[in-house]
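Trainee: With the sequence up front, the predicted model follows.
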Amino acid sequence: MARYLVSGGAGYVGSHLVLTLLDAGHEVVVVDDLSTGHRNAVPPGATFIQANLSERRRLDDIFAAWKFDAVFHLAALSLVGESMQQPLRYCRENLANSVNLAEAAVKGGCLKYVLSSTAAVFGVPKSVPITEEAETSPVNPYGLSKLMMEQALAWAESAHGLRSASLRYFNAAGADPLGRAGEDHDPETHLIPRAIMATLGHAPPLHVFGTDYDTPDGTAVRDYVHVMDLAAAHIAVLPRLEQGSVRYNLGNGAGHSVREVMAAVERVSGRKVPHENGPRRAGDPPALVASSALIRAETGWRPQHASLDEIVRTAWNWHAAHPQGYGAREAA
Ligand SMILES: NC(=O)c1ccc[n+]([C@@H]2O[C@H](COP(=O)([O-])OP(=O)(O)OC[C@H]3O[C@@H](n4cnc5c(N)ncnc54)[C@H](O)[C@@H]3O)[C@@H](O)[C@H]2O)c1
Ligand SMILES: O=c1ccn([C@@H]2O[C@H](COP(=O)(O)OP(=O)(O)O[C@H]3O[C@H](CO)[C@@H](O)[C@H](O)[C@H]3O)[C@@H](O)[C@H]2O)c(=O)[nH]1
């Protein structure tokens, strides 16, 4: 049994990671300011500390009070469009706060650091699937802020011995198959929850952002990876850190178009997805698909929930059971 710090553990991916760590018998301390997360999303078995990562002294106190085997850093701002409007805020939140956490970890003697990075570090890729050798050339401040932290971590290894894994998630999707957690963002911008909420009648019809892409059906293609598979990857990379820092692309390795996602929602729900076709969303690349060959080869990680229907089914079940997301339980 080990003890881990999870920043952003009240958020979507973070809450699923905390469940996975607790299920494996580990001890978890969550640090989250609840800016986009939910207190009710933190599983009961975890210790919760409400703090902002800009509070460096609080972080030092936390690392002094507990000895952690590793830190998983998920807390961040992650809306691409918002980052275009507020580039400096994104750099402060995603770079400066990540540096704060890394400094506090080093000072506290915790020398393993797993960063939630993103496919957005690649910008518009020249080809898919995207390997780790592909050029990193972000086209928005969000991707830049994550890439800068990846680069800072490389220097922190040589200077401070901080071993890091930068996990470039592609599109996190789905929910805990046991129904203990799900996705609840406000506003919700992600395709699968939006399609499901529209189908349940809890949101307006889905807007299909672009039908004129150079893809098989004209809609944009993404690599949807189950959030529990993402969570499992965090544990799988830890032994690899004994040999040094790593950067891994993390996806299912299969691309699905917006129309294919809608078809999956229709298969799972037995209902039509109310939708309207519209123009492209600014900044959206036509296709992002991961090559996850490297993490598979080096850690043995494999997606266990790879089918799009299974991903959509777990998300559907959670949204159907929680029409107001975590709000209903917060009010209860
Ligand atoms: N969801 C995706 O598809 C996706 C894809 C690629 C990368 N990522 C990355 O994964 C991570 C988690 O994403 P998510 O979708 O779960 O987001 P989320 O918004 O659901 O979770 C982020 C959590 O961090 C907390 N937080 C934010 N700023 C903080 C601060 N300064 N101090 C303390 N806590 C703070 C929020 O309250 C929230 O609980 C992010 O780093 C994101 O960039 C997500
Ligand atoms: O209402 C909607 C929402 C999305 N889309 C399309 O669906 C696809 C997926 O969009 P979305 O779910 O918003 O995810 P992305 O914009 O691909 O971004 C996610 O995945 C990236 C990695 O691939 C991460 O960097 C981001 O943080 C994460 O939000 C895109 O083609 C969108 O244009 C629609 O057509 N209608």
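Mentor: Now that the structure is in, tell me what you want to look at. Ligands and ions are numbered 1, 2, ... in the order given.

Trainee: just the strands in the stretch 151-300 of the chain please.
Mentor: 163-169, 171-173, 206-209, 221-222, 224-226, 246-250, 256-257, 275-278, 287-288 (DSSP state E, counting those that start in this stretch).

Trainee: Rebuild these as JSON lines, extending it with distance to ligand 1 and mean pLDDT.
Mentor: Every residue, glycine included, has its C-beta placed from N, CA and C. As requested, the strands of the stretch 151-300 of the chain are exported to JSON lines (distance: least, C-beta to the nearest ligand atom, whole Å; pLDDT from 0 to 100):
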{"stretch": "strand 163-169", "distance to ligand 1": "4", "mean pLDDT": "98"}
{"stretch": "strand 171-173", "distance to ligand 1": "3", "mean pLDDT": "98"}
{"stretch": "strand 206-209", "distance to ligand 1": "16", "mean pLDDT": "98"}
{"stretch": "strand 221-222", "distance to ligand 1": "9", "mean pLDDT": "97"}
{"stretch": "strand 224-226", "distance to ligand 1": "8", "mean pLDDT": "98"}
{"stretch": "strand 246-250", "distance to ligand 1": "9", "mean pLDDT": "98"}
{"stretch": "strand 256-257", "distance to ligand 1": "14", "mean pLDDT": "98"}
{"stretch": "strand 275-278", "distance to ligand 1": "21", "mean pLDDT": "98"}
{"stretch": "strand 287-288", "distance to ligand 1": "10", "mean pLDDT": "94"}
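
Trainee: Now distance to ligand 2 and mean neighbour count too, for the ones you listed, in JSON lines please.
Mentor: JSON lines is the format used below for these (distance: least, C-beta to the nearest ligand atom, whole Å; neighbours: other C-beta atoms under 10 Å):
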{"stretch": "strand 163-169", "distance to ligand 2": "6", "mean neighbour count": "25"}
{"stretch": "strand 171-173", "distance to ligand 2": "4", "mean neighbour count": "24"}
{"stretch": "strand 206-209", "distance to ligand 2": "4", "mean neighbour count": "20"}
{"stretch": "strand 221-222", "distance to ligand 2": "5", "mean neighbour count": "24"}
{"stretch": "strand 224-226", "distance to ligand 2": "8", "mean neighbour count": "26"}
{"stretch": "strand 246-250", "distance to ligand 2": "10", "mean neighbour count": "24"}
{"stretch": "strand 256-257", "distance to ligand 2": "8", "mean neighbour count": "22"}
{"stretch": "strand 275-278", "distance to ligand 2": "8", "mean neighbour count": "14"}
{"stretch": "strand 287-288", "distance to ligand 2": "5", "mean neighbour count": "22"}
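
Trainee: can you put the ones you listed in a markdown table and add distance to Leu74?
Mentor: Output for these, formatted as a markdown table (distance: least, C-beta to C-beta, whole Å):
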| stretch | distance to Leu74 |
| --- | --- |
| strand 163-169 | 10 |
| strand 171-173 | 10 |
| strand 206-209 | 26 |
| strand 221-222 | 20 |
| strand 224-226 | 15 |
| strand 246-250 | 13 |
| strand 256-257 | 24 |
| strand 275-278 | 31 |
| strand 287-288 | 20 |
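
Trainee: Residue numbers of the chain in contact with ligand 1?
Mentor: Proximity of the chain to ligand 1, by C-beta under 6 Å from any ligand atom, involves residues 7-8, 10-14, 32-37, 52-54, 74-76, 78, 93, 97, 116, 118, 169, 171-172, 185.

Trainee: for the chain, where's the lowest mean pLDDT among helices and strands?
Mentor: One helix or strand of the chain scores below all others by mean pLDDT, DSSP states H and E: helix 326-331, with a mean of 59.

Trainee: Give me the neighbour count for Leu22.
Mentor: Residues lying near Leu22 (other C-beta atoms under 10 Å) number 17.

Trainee: In this structure, where is pLDDT below threshold?
Mentor: Where the chain drops to pLDDT under 70, the residues are 328-332.

Trainee: max-length helix in it?
Mentor: Scanning the chain for the helix with the most residues, using DSSP state H, yields helix 141-160.

Trainee: hang on, the earlier thing: restricted to buried residues, select the residues of the chain next to ligand 1 in ChimeraX.
Mentor: Of the residues of the chain next to ligand 1, the buried ones can be selected in ChimeraX as follows, counting by 16 or more other C-beta atoms under 10 Å:
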select :7,8,10,11,12,13,14,32,33,36,37,52,53,74,75,76,78,93,97,116,118,169,171,172,185
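
Trainee: Which of the residues of the chain next to ligand 1 fall in helices?
Mentor: Using DSSP H, the residues of the chain next to ligand 1 in helices are Tyr12, Val13, Gly14, Asn97.

Trainee: quick one: the second one and Ala231 touch, right?
Mentor: This means Val13. Yes: counting by C-beta atoms under 8 Å, Val13 sits close enough to Ala231 to count as a contact (7.3 Å).

Trainee: returning to that earlier point: which one of the strands of the stretch 151-300 of the chain lies closest to Phe63?
Mentor: Comparing the strands of the stretch 151-300 of the chain by their distance to Phe63 (C-beta to C-beta), the top pick is strand 163-169, with 16.2 Å.
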